[in-house]
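Enquirer: have a look at this prediction, sequence included:
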Amino acid sequence: MATTDDIQREEATTKDYAEYTLATGIEAGQRLELQSNITRQMLGRVLPQQIVSHLRSVAKKGHRPRVCDIGTGPGHWLFDARAQLREDDINAVLDGYDIHQELFPPEEKRKAEDVSFGELNIHQQEHFIPLMKSKYDVVHVRYLSVAVGPDQWDGAVENCLSILKPGGIFVWEEILLEKMELIDPEKWTNVLRMFKLNWSILRRNDVEPKLTSLFNDNLEGVTQENFITKDLNEKWQRLQALNMSMASKELVEKAVEIGEPAIKFVGLDSAEELQEILRLTQQDFNNGAMLHMPVNRWMGVLPSSSRGSGKRPEGKTKLTESFRRWFCCK
Ligand SMILES: C[S@@+](CC[C@H](N)C(=O)[O-])C[C@H]1O[C@@H](n2cnc3c(N)ncnc32)[C@H](O)[C@@H]1O
């Protein structure tokens, strides 16, 4: 008979031991701010010209443009968007949604910048239903892939598209975890070891093929841009190393908090062993180790005719997915 331990272990392996493996406390908020600053350096102004032009044309028709950010955390993207739109004299509604409300900024900041925040789980279709009454001209998502399991991509994208107006723009910016680049891996063996642990949630997410096919299947005029922290100057590269050092700490602390099933799952015998690897990893980062972060931006326009049924994408996407599983990943 299965014991509670067996069941816990089973749950740990099948559900990757946590729905979201990064933290949500004050330090996590600080890291997200750092990551957001690094991203701004890499990608430039948060709203590409195509989005600004679209919002301007909505405003010219006498409507207040509506923009939302899903998985917004402390809302850095929205505050940057507000600053940019202010310069462009566009007065848009800006709404942020996240499953972890504790990350939201203080009320005074929300009021001062006229940005609203609400609780929402990207995987729960029912959370999107009330938002369909007043759809958005732009739906934006950034850095959410660690919260999307292999079978959840279609549903997550479909939910986002369900609240986008026809002709509206969907944009998703994502770190390509499978393409992270450690410079000089022979020298920085601790970072390499940390990186090679079985952080399954980080390894399993085929961000690039998934988002590329979902954008191509559901949107028009799709563009894809690539960025990497390698192109930043020395100062920002050092900050990127700090970002990776802090992210490693978050992963380790979460695993230690969950306990034995998570420690075993990443392939180690004890929490102490994991904490020692973290200590050495942070030392490597302090001594100059560099782990570069590639980021892609996918952008596309929702066709005027195809939406509104609330149906999950079928046909081509599903078939491609089944073939991919059979041929490459079984
Ligand atoms: C890496 S952070 C990125 C935050 C923000 N987009 C940014 O770029 O600064 C991931 C965010 O996704 C949120 N999140 C995790 N699971 C989620 C879910 N199922 N639905 C909505 N948000 C989720 C987390 O709370 C966190 O704020």
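Expert: Sure thing, it's come through. Numbering: from 1, shown residues only.

Enquirer: alpha carbons only for contacts and neighbour counts from here, please
Expert: Will do.

Enquirer: could you count how many residues lie near the nearest residue to Asp98 once chain neighbours are set aside?
Expert: Computed as CA to CA, 6 or more residues apart in numbering, the closest residue to Asp98 that is not its neighbour in sequence is Gly71, at 4.5 Å. Gly71: 23 surrounding residues under other CA atoms under 10 Å.

Enquirer: show me what contacts Gly71?
Expert: Gly96, Tyr97, Asp98, Ile99, Ile122, Val141, Arg142, Tyr143, Leu144 (CA atoms under 8 Å, 6 or more residues apart in numbering).

Enquirer: one more: Glu33?
Expert: His76.

Enquirer: which helix or strand contains it?
Expert: For Glu33, the element it lies in under DSSP states H and E is helix 26-43.

Enquirer: give the rounded mean pLDDT of that helix.
Expert: Helix 26-43 shows a mean pLDDT of 90.

Enquirer: so what's the residue in the stretch 101-250 of the chain that the ligand sits nearest to up against?
Expert: The minimum distance from the stretch 101-250 of the chain to the ligand, using CA to the nearest ligand atom, falls at Asn121 (3.5 Å). Each residue near Asn121 by CA under 8 Å, 6+ apart is listed here: Asp98, Ile99, His127.

Enquirer: and with 10 Å instead?
Expert: By CA atoms under 10 Å, 6 or more residues apart in numbering, the contact list for Asn121 reads Ile70, Gly71, Tyr97, Asp98, Ile99, His100, His127, Phe128, Ala147, Ala156, Asn159.

Enquirer: next one: it from Thr72, what distance?
Expert: For Asn121, the distance to Thr72 (CA to CA, to the nearest Å) stands at 11 Å.

Enquirer: one more: Glu178?
Expert: In this view, Glu178 and Thr72 are 23 Å apart by CA to CA.

Enquirer: can you pull the pLDDT of the residue nearest to Asp98?
Expert: 97.

Enquirer: from Trp77, how far out is it?
Expert: Counting by CA to CA, the gap from Gly71 to Trp77 is 10 Å.

Enquirer: near the ligand, which residues of the stretch 101-250 of the chain?
Expert: The stretch 101-250 of the chain has residues Leu120, Asn121, Ile122, His123, Arg142, Tyr143, Leu144, Ala147 near the ligand, with proximity defined as CA under 6 Å from any ligand atom.

Enquirer: select from the residues you listed the one having the most neighbours.
Expert: Ile122 leads those on contacts (other CA under 10 Å) with 25 neighbours.

Enquirer: how far away is Ala112 from Phe79?
Expert: 10 Å.

Enquirer: also Met246?
Expert: Distance from Met246 to Phe79, counting by CA to CA: 23 Å.

Enquirer: ok, now Lys179?
Expert: Lys179 is 29 Å from Phe79, by CA to CA.

Enquirer: Asp114 contacts Ala92, correct?
Expert: Yes. Judged on CA atoms under 10 Å, Asp114 makes contact with Ala92 at a distance of 9.4 Å.

Enquirer: what is in contact with the two at once?
Expert: With CA under 10 Å, 6+ apart, Asp114 and Ala92 have common neighbours Arg82.

Enquirer: the two: which is more packed in?
Expert: More neighbours surround Ala92 than the other of Asp114 and Ala92, with 22 against 15 (other CA under 10 Å).

Enquirer: and the helices in the stretch 151-300 of the chain?
Expert: Assigned by DSSP state H, counting those that start in this stretch, the helices in the stretch 151-300 of the chain fall at 153-162, 189-196, 200-203, 207-218, 234-258, 260-266, 271-286.

Enquirer: hang on, I meant the stretch 1-150 of the chain
Expert: So, for the stretch 1-150 of the chain - with DSSP H, counting those that start in this stretch - the helices run 4-14, 26-43, 49-60, 76-87, 107-113, 125-128.

Enquirer: can I get the ones you listed in a markdown table with distance to Val171?
Expert: Output for the helices of the stretch 1-150 of the chain, formatted as a markdown table (distance: least, CA to CA, whole Å):
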| stretch | distance to Val171 |
| --- | --- |
| helix 4-14 | 30 |
| helix 26-43 | 13 |
| helix 49-60 | 9 |
| helix 76-87 | 12 |
| helix 107-113 | 22 |
| helix 125-128 | 17 |
